[in-house]
Structure formats: C-alpha cells, structure tokens
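Peer 1: Predicted model, plus sequence, below.
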Amino acid sequence: MKIGRQEQPRSAISTSNADVIVVRGRDLCRELVGKISFTEHVWLLITGALPSAAQRQILDATLVAIAEHGLVPSVVASRMTLAAAPEALQGAVAAGILGCGSVILGAASEAAKLFSEIVARGAAGGIDSAARSALADLRAARQAVPGYGHPLHKGGDPRVARLLELATEWHVAGQHVACARAIEKWMPEVVGKPLLMNVSAAIGAVLLDCGYPLLAVKGVPILARTASLVANLLEEQQRPIGFALAYGGSQAIDYDGELPPGFSG
C-alpha cells in the first residue's frame, strides 16, 4: 500500500552500473575519491553541489565543535550497551545516536528553526524587534529557548565564541547570527535571566548563514557524535568503564518504594 503522495518515485543522489558508481552526478572513483575531503563529500551529498571554501570550513568547524564533550548521555548509553553486548558495535553506536534529542544534540535543529522563523518575521520590522517578539511568544507559552543556557559553561560556551569568530573571519556571518545575538541580548529583559548562547545555537546560526539546508541541520550533530561514539567504543573495548557507569548509577539512586517484611538492604 502506498502511503502519501509519491508522484515522482525518483532519487537524485546515486546510481551505478557494473563499472561506475555515480554520486550526485559525479564519478565517485574518478572525481571524488582522493580529490575531496569527507566534509566536502557530506555537503555534496546533502546539497547536490560542492561547497565553497567558506562553506566547507564552517561545516567542518561545526562538526569538530560538537563531536565530543565527555560522558554525556549519548556516550554513556553507548558504552553501557557495548558492555552488555560486546559483539554489537553497531548496536552500541545506534544506542548513543538514539539518545540525541531536543535537550542533547537536537537543539541545533530547533534553534535553527527559530532563527529561520525570526528572519522571516524580521523582513518587515527588522531582526531585533522580531527576535524580541519571538522570545516573548516562547516565554508566554512557557517554552524553553532552544540553544541557550548550559549546565557547565555558565559564563559562556567557549565553542560559541570560536564559531562566531570563524563565521566573521570567513565572511559568512549574516542574519541568522544577528538573530542569535539579538535573542541573547533580549534574554534578561524578556526571560528574566541572562541565558547565553550554547554551541547548538551557534551551529544553527552559522550553518544557515552559509547556506546549509534547514532540514538537514539536525544531521550535523548526529554525524559528528557518531565519530565520538566510535572513539569511545574503541576505548571501551580496551579500557572498559561501561559496568562501572552502570554501578555508579545504581549507587547514586535511592530506592523509596515498598519493601517486603524482613528485607534488609
């Protein structure tokens, strides 16, 4: 049964015959392998065109910035999965990726959507007033502002400063970066506390400003974190801590349910 409209059941990404593999209209072996970087290949796969130097640099910088940040939930889930199923590296990577959501790693996509909406609103009255209005709307709806605040980097996420610095240096900082800064400016007045941009907001802003597709922003942190998970899983095989993480979790949580008569913990 066909679900939804599929009037043109076609794909423009890849095809092949017995001798040639074609990716986005290019001969994979003759034109791409050994001639472009993986970051360039990612851009080509997603957009259908090779990136400019600035686009490649921005995408590469965001991938490096978000790949690793210690024993975050996605990494912990991945390591504990491998400890339980050491034969399933792919399952452990998948477990970590499945832990990417609106709080961890997925905020870049949500922030990018917010910036895109504000830029559209600001076409008439300007980015600054549109940002304040959107922030007020979120506040009235009691919704979090995606990409702002960090549990560790209270004084400012150091990755933000670097990404925005690079966007300026490579001449790609535009309306979406301006929007991200405007939200940060209005945060104390509208929300009541000075929540600063975190790396997710910076990633969303710089990617949109250099022409990266909004619908693909969510994939950037996922792609980056995949590399980190493979590194963590290699270390897990050599210096395992998965069961220690599980034990530490059990020790950190107190049981407050009912107990059978005579039970002694």
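Peer 2: Perfect, I can see it now. Numbers count the residues shown, from 1 in each chain.
Peer 1: backbone phi and psi for residue 15, please?
Peer 2: In terms of degrees, to the nearest 10, the main-chain angles of residue 15 are phi -150, psi 170.
Peer 1: what's the helix or strand for the nearest residue to it once chain neighbours are set aside?
Peer 2: In space, and not counting its chain neighbours, residue 15 is closest to residue 22: 5.0 Å by Cβ to Cβ, 6 or more residues apart in numbering. Every C-beta, even on glycine, is put in place using the N, C-alpha and C of the backbone. Assessed by DSSP states H and E, residue 22 sits inside strand 21-23.
Peer 1: Please state the offset of the following helix or strand past that strand from the chain centre?
Peer 2: Next helix or strand after strand 21-23 toward the C-terminus (DSSP H and E): strand 26-27. Relative to the mean C-alpha coordinate of its chain, strand 26-27 is positioned 29 Å out (Cα atoms, centre = their mean, to the nearest Å).
Peer 1: do the same with stretch 223-232
Peer 2: The answer for stretch 223-232 is 12 Å, by Cα atoms, centre = their mean.
Peer 1: Show me what counts as buried in that stretch.
Peer 2: For stretch 223-232, the neighbour count (16 or more other Cβ atoms under 10 Å) marks 223, 224, 225, 226, 228, 229, 232 as buried.
Peer 1: any chance of those residues in CSV, with distance to residue 146, secondary structure and pLDDT too?
Peer 2: Converted to CSV, the buried residues of stretch 223-232 look like this (distance: Cβ to Cβ, whole Å; DSSP: H, G, I helix; E, B strand; the rest coil; pLDDT from 0 to 100):
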residue, distance to residue 146, secondary structure, pLDDT
223, 19, helix, 97
224, 18, helix, 97
225, 17, helix, 95
226, 22, helix, 97
228, 21, helix, 96
229, 23, helix, 97
232, 26, helix, 97
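Peer 1: Check the residues you listed against residue 216 and report the nearest one.
Peer 2: Nearest to residue 216 out of these is residue 223 (Cβ to Cβ; 9.9 Å).
Peer 1: Next, find the distance separating that closest one from residue 203.
Peer 2: 12 Å (Cβ to Cβ, to the nearest Å).
Peer 1: Okay, and the residue nearest the centre of the chain sits in which element?
Peer 2: The centroid of the chain falls nearest to residue 221 when counting by Cα atoms, centre = their mean (2.8 Å). Assigned by DSSP H and E, residue 221 belongs to helix 219-238.
Peer 1: Show me what that helix is in contact with.
Peer 2: 42, 46, 59, 62-68, 74-75, 78-79, 82-83, 86, 89, 92-93, 96-97, 100, 105-106, 108, 200, 203, 207, 212, 242 (Cβ atoms under 8 Å, 6 or more residues apart in numbering).
Peer 1: what's the answer for stretch 127-145, then?
Peer 2: 114, 117-119, 121-122, 175, 178-179, 182-183, 185-187, 190-191, 195.
Peer 1: Out of those residues, name the ones that lie in helices.
Peer 2: Using DSSP state H, the members of those that fall within helices are 114, 117-119, 121-122, 175, 178-179, 182-183, 185-187, 190.
Peer 1: Of the residues you listed, which pair is most distant in space?
Peer 2: Farthest pair in the ones in helices among the contacts of stretch 127-145, by Cβ to Cβ: 175 and 190, 20.0 Å.
Peer 1: rewinding a little: could you measure from the residue nearest to the centre of the chain over to residue 163?
Peer 2: Residue 221 is 13 Å from residue 163, where distance means Cβ to Cβ.
Peer 1: what about residue 115, how many neighbours?
Peer 2: 31 (other Cβ atoms under 10 Å).
Peer 1: Quick one: residues contacting it.
Peer 2: 176, 179, 180, 204, 205, 208.
Peer 1: Make TSV from the residues you listed and add distance to residue 255 to it.
Peer 2: What follows is the contacts of residue 115, written out as TSV (distance: Cβ to Cβ, whole Å):
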residue	distance to residue 255
176	48
179	47
180	44
204	41
205	45
208	47
